[in-house]
Structures are given as structure tokens and as C-alpha cells.
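**Student:** A predicted structure for the sequence below; I have some questions about it.
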Amino acid sequence: MTATLWYLTIGALLICMALASSMVKRLPLSTATLYLFIGIALGPGGAGLLHLDPLKNSAILERITEVAVIISLFSAGLKLRVPLRDRRWRVPFRLAVVSMILTVGLVTLVGVFALGLPLGAAVLLGGILAPTDPVLASDVQVEAPGDVDRLRFGLTGEAGLNDGTAFPFVMLGLGLLGIHDLGIHDLGAYISRWFFIDVVWSVTVGIGTGWLLGTVVGHLVLYLRRVHKEAVGLDEFIGLGLLALSYGTALLLHSYGFLAVFFSGLALRRIEHQSSGGKPPEAVILAANAEEIQETATNTEKAPAYMAGAVLAFNEQLERITEVGVVLLIGGMVSLGYLSREAIIVVPLLFLVIRPLSVRLGLIGADTSLIRQNLIAWFGIRGIGSFYYLMYAIQLGLPTELASRLISLVVTVVAVSIVVHGVSATPLMGLYGRLNARRRPSP
């Protein structure tokens, strides 16, 4: 009977959300907010249909959140059409490096002095809570590959990069806790090993792997289509294959798969941008008869835009599905009772002090208007990436008592973020759009 109820519930939920999608966009809340409350209603405190304890089921939750994040990172990379040498990239890189380091450091101070956590646990908490979320931030990210708005581009680029740049701090925290020491008991030797392996090697190889595979696979597919009229109509397989190949290769090389996936998406989009000479992407036919698809997908000028557009369209559908599933699970954890009193300290400090301060310091000297800086500082959305890092740490052997405490903190922070950022996204982005329109000169 439970399986039957699940079929009915999920079916009704998906259909209702599809039918009400236009209305939801006009409301001051996000779809993730609705999924969260539905998850709470389905959890142990409500209907009792959803009961997945993160302590007991950390292995499956690690895989679910891992898949959700890499799908979203690949989509984010495909949406960013601006070349890496463009000045717009300075803001995302500053946010993902400087602001990230500052956030981890400030959260660590809160963890040690306000929460009484050991140094390693405080650093781990910083690494978990520092990255912004590419899955739940869709309302404030770029809306299409041609969208070059500096605010949306900055937030999308930051979310794509910092899920990878947070990993070294997670590893550092685990090492300080003795979970990732690799037999190195001298602190100086461990820090040296951490810097050269977990930072320099893992970051550069992850980026290089994703860029290389995205470039090679993209050109190979286009060559087969243009010259031999092969590999047409299977863009979903190409997208999933490149995603999995990049992630798996990066892991095999002991580097960061999140960065590899993001940069493979960037590389695929870069091929399209170069082939078009920087012109706006051609209209992509995603629903047409077989003859039109064949002609567009094998046309010398249109093929790159078709491939990138088709892969992105499929990946975005997967992203929406994973968002539903993961946010429902988060709601179930809230219903299960994983709420933290300590979050009364952490949440306001993180959202109102640490994030704004880190953004302001990270963007010193950047060509970014005050309103954009304020909105970037506010939209530091925490979400699924944080859950992945936490489940990853639990799987490596995080002590049960500490794990339970961190789960409560992370669940509370993410749930609050989903609500407050979801409610504020529509009105604030609407205000931003109106202010931008006033500044544009009349034609």
C-alpha cells in the first residue's frame, strides 16, 4: 500500500507543479519552498510516508545528492557562454576563491568560539556551509546562454565554481579530525601535503580534465555529424556520457569531479561560441520532424548550437527532477526532528554578517555596482552541495555524536535558506530588473 501511495503522491505532485508553474513564478516564493513544505508534510511529523534518516542512510543520500549536484553543475557550465578571458569572470572567480576562503575562516571562528566545536569540526562546518548552491538558485541565475547580466552571471559562475573549491576545506577539516590524515601525524607535514595534493593537484587536474574532455568529445561529435551524418538525435546520451566521463576520470586521477563536470560544460559551450564567432546562438530545434533535426544537427553553422542547446535542455529537465527529490528529502529531515537550536546563532551570522562581509571583501576593486554587491551578498543560497559534503564526511567515519550535531545544523541552515531566499528572490530580482531598465538609455 505504501508503494501505491507513493505513486499517487509523486504523480499528483509533478502534474500539479507543471500545471501551476506559471502561477508559482508570479508568487514571492520558489518551487523549492513548496517542495520543502510538501516534504515536511510527507515526513514522520505528517503523513509518515517519507522517512530517510541521514545517519542511517548516509550512503544512499551521498549518492543522491552527488548526482543532483553534478547534473546542476554541468547545466551551469552550459549556460555560461562568456569566454574565460572576459572581464565578467573576475567576479565569479573572486567569489569562489577569496570570498570562499573568508567564509570558511569566519564560520570556523563561529564554530570554535560560539559553538565550542573542535578546530577540525569547525573547519569542516565551514567547508560544508561555504559553497552556494547551483541547484536551488535557479531563480537568480542566468536564464539562457545569451544572458550576460552581471548579477546573474556572477551568481551562476560562483555556484558552478565553489562546489569544487570548497572541497579542499572539507578535506582539511577531516584531516584535522584525524579522519583523512593518511598516516601523517605531523601537522606541518600534513598541511604541506594538503596544499600540494588537495588544493594544487586536485583543483588544477579537475579543471583540466573537464575542459579537455568537453573539448574533445564536443569536436568529435560535431565531426561525426558534419562529415559522416552520424550521432544525430542522441544528445541526451552525449550529455550524460560527457558528464559521467568527466566526473569519473577526475575521481580516477584523485582530483575534484565537481570542477571537472562544470568545466566540461563550459568547454562544450565554448565550442558553440567559437563556431558562431560570438554571435547570438541560433534558434535550436528541439521538437521537430526527423528531417529538420537531421538538417540542423549536421549543418556546419548550426550544429554546434544545436548540440549545446539539446544537451542543456535535457540536462535542465533532469535538474528539475533531482531538485524535487532532494528537497522533499530535506523536508522529511526537518519533519524527522533534525532542527538545531545552535542555528539561532549560525543562521543570522551566516546570512547577515559572514556572507555580506566575505562578498564585500572579495569584491574590493571589482567593477561591480553597489546594488549588485548587495544582491550577491544576500543570495548566498545554501543547499544540496552542503548535504553532499556532510554525507561524504559521515561515510568517511565522522563520529556519530558530531555527525548528528552537524546534520541538525546543516538541515536547519538549508531549510531556512530555501524559505527566506525563495520568498525574497522574485521581488528582489524584479526590483533589480526595474532599476536596470531605468538606467538604460532610451532608444
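**Tutor:** Structure's in. What do you need?

**Student:** secondary structure class for the spatially most central residue of the chain?
**Tutor:** The residue lying closest to the centre of the chain (CA atoms, centre = their mean) is Pro134, at 2.5 Å. Following DSSP: H, G, I helix; E, B strand; the rest coil, the label given to Pro134 is coil.

**Student:** surely it meets Asp163?
**Tutor:** Yes: here Pro134 reaches Asp163: they are 6.5 Å apart, a contact under CB atoms under 8 Å. Every C-beta, even on glycine, is put in place using the N, C-alpha and C of the backbone.

**Student:** any common contacting residues for these two?
**Tutor:** Val69, Leu73, Gly385 (CB atoms under 8 Å, 6 or more residues apart in numbering).

**Student:** Local confidence estimate at Gln190?
**Tutor:** Let me fix one detail, which is that residue 190 is Tyr and not Gln. pLDDT, Tyr190: 84.

**Student:** For it, pull up the helix or strand it's in.
**Tutor:** Using DSSP states H and E, Tyr190 sits in helix 187-193.

**Student:** Tell me the helix or strand right after that helix.
**Tutor:** Following helix 187-193 toward the C-terminus (DSSP H and E): helix 202-228.

**Student:** From the chain's centre, how far out is that next one? Work that out for me.
**Tutor:** The chain centroid and the centroid of helix 202-228 are separated by 22 Å under CA atoms, centre = their mean, to the nearest Å.

**Student:** Extract the C-alpha set from stretch 81-88 and format it as PDB.
**Tutor:** Provided in PDB are the C-alpha atoms of stretch 81-88 (Å, rounded to 0.1, in the frame of the first residue of the first chain):
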ATOM      1  CA  ARG A  81      28.600  31.400 -22.800                       C
ATOM      2  CA  VAL A  82      31.100  34.200 -21.900                       C
ATOM      3  CA  PRO A  83      34.800  33.300 -22.700                       C
ATOM      4  CA  LEU A  84      37.000  32.700 -19.700                       C
ATOM      5  CA  ARG A  85      39.200  35.700 -20.700                       C
ATOM      6  CA  ASP A  86      36.200  38.100 -20.400                       C
ATOM      7  CA  ARG A  87      36.200  40.500 -17.500                       C
ATOM      8  CA  ARG A  88      32.800  39.200 -16.300                       C
END
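
**Student:** pLDDT averaged over that stretch, what's the number?
**Tutor:** Per-residue scores along stretch 81-88 average to 88.

**Student:** Tell me how many other residues crowd the closest residue to Leu136 other than its chain neighbours.
**Tutor:** Closest residue to Leu136 apart from its sequence neighbours, by CB to CB, 6 or more residues apart in numbering: Gly383 at 4.1 Å. By other CB atoms under 10 Å, the residues close to Gly383 number 31.

**Student:** Over to the one 4 residues further on?
**Tutor:** The number of residues packed around Phe387, counting by other CB under 10 Å, is 28.

**Student:** Offset the numbering so it begins at 48, please.
**Tutor:** Happy to do that; since the first residue is 48 now, the last one works out to Phe434.

**Student:** quick one: which helix or strand includes it?
**Tutor:** With DSSP H and E as criterion, Phe434 is part of helix 431-442.

**Student:** Extract the C-alpha trace of that helix and format it as CSV.
**Tutor:** Only the C-alpha atoms of helix 431-442 are listed here, as CSV (Å, rounded to 0.1, in the frame of the first residue of the first chain):
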residue,chain,number,x,y,z
ILE,A,431,22.3,20.3,-1.8
GLY,A,432,26.0,20.7,-2.1
SER,A,433,26.2,21.2,1.6
PHE,A,434,24.3,17.9,2.2
TYR,A,435,26.6,16.1,-0.2
TYR,A,436,29.7,17.2,1.8
LEU,A,437,28.1,16.2,5.1
MET,A,438,27.1,12.8,3.8
TYR,A,439,30.6,12.4,2.4
ALA,A,440,32.1,13.2,5.8
ILE,A,441,29.8,10.7,7.5
GLN,A,442,30.7,8.0,5.1
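
**Student:** what does it rub up against?
**Tutor:** With CB under 8 Å, 6+ apart as the criterion, helix 431-442 contacts 101-102, 105-106, 108-109, 112-113, 115-116, 119, 171, 174-176, 178-183, 210, 213-214, 217, 220-221, 226, 373, 377, 450, 453-454, 457, 460-461.

**Student:** What of stretch 160-176?
**Tutor:** Contacts of stretch 160-176 (CB under 8 Å, 6+ apart): 150-159, 213-225, 389, 392-393, 396-397, 429, 433, 436-437, 440, 445, 449, 453, 456-457, 460.

**Student:** which of these are buried?
**Tutor:** Among the contacts of stretch 160-176, those scoring as buried are 150-151, 153-155, 157-159, 213-224, 389, 393, 396-397, 429, 433, 436-437, 440, 445, 449, 453, 456-457, 460 (criterion: 16 or more other CB atoms under 10 Å).

**Student:** Just the ones in helices from those, please.
**Tutor:** If you go by DSSP state H, the buried ones among the contacts of stretch 160-176 have 150-151, 153-155, 157-159, 214-223, 393, 396, 433, 436-437, 440, 449, 453, 456-457, 460 in helices.

**Student:** Who are the contact partners of Val189?
**Tutor:** Lys126, Leu127, Val195, Asp196, Arg199, Phe200, Thr203.

**Student:** same deal with Leu445?
**Tutor:** Contacts of Leu445 by CB under 8 Å, 6+ apart are Leu171, Leu221, Leu224, Ile226, Leu453.

**Student:** Which single one of the residues you listed is nearest to Leu97?
**Tutor:** Leu97 has its nearest neighbour among the contacts of Leu445 in Leu453, at 21.3 Å by CB to CB.

**Student:** can you pull the buried residues of stretch 242-252?
**Tutor:** So stretch 242-252, judged by 16+ other CB under 10 Å, has buried residues Asp245, Val246, Ser249, Val250, Val252.

**Student:** Distance of the closest residue to Ser146 other than its chain neighbours relative to Gly253?
**Tutor:** Of all residues not flanking Ser146 in the chain, Gly409 sits nearest, at 3.4 Å (CB to CB, 6+ apart). Using CB to CB, to the nearest Å, Gly409 is found at 22 Å from Gly253.

**Student:** count of residues packed around the nearest residue to Asp186 once chain neighbours are set aside?
**Tutor:** Excluding its sequence neighbours, the residue lying closest to Asp186 (CB to CB, 6+ apart) is Ala472, at 4.1 Å. A count of neighbours around Ala472, defined by other CB under 10 Å, yields 24.

**Student:** Ok, Ser451 next?
**Tutor:** With other CB under 10 Å as criterion, Ser451 counts 16.

**Student:** which residues does the spatially closest residue to it that is not a sequence neighbour contact?
**Tutor:** Nearest in space to Ser451, with sequence neighbours left out and distances taken as CB to CB, 6+ apart, is Leu102 at 6.2 Å. Neighbour list for Leu102: Ile441, Thr447, Ala450, Ser451, Ile454 [criterion: CB under 8 Å, 6+ apart].

**Student:** Kind regards, and thank you for your time.
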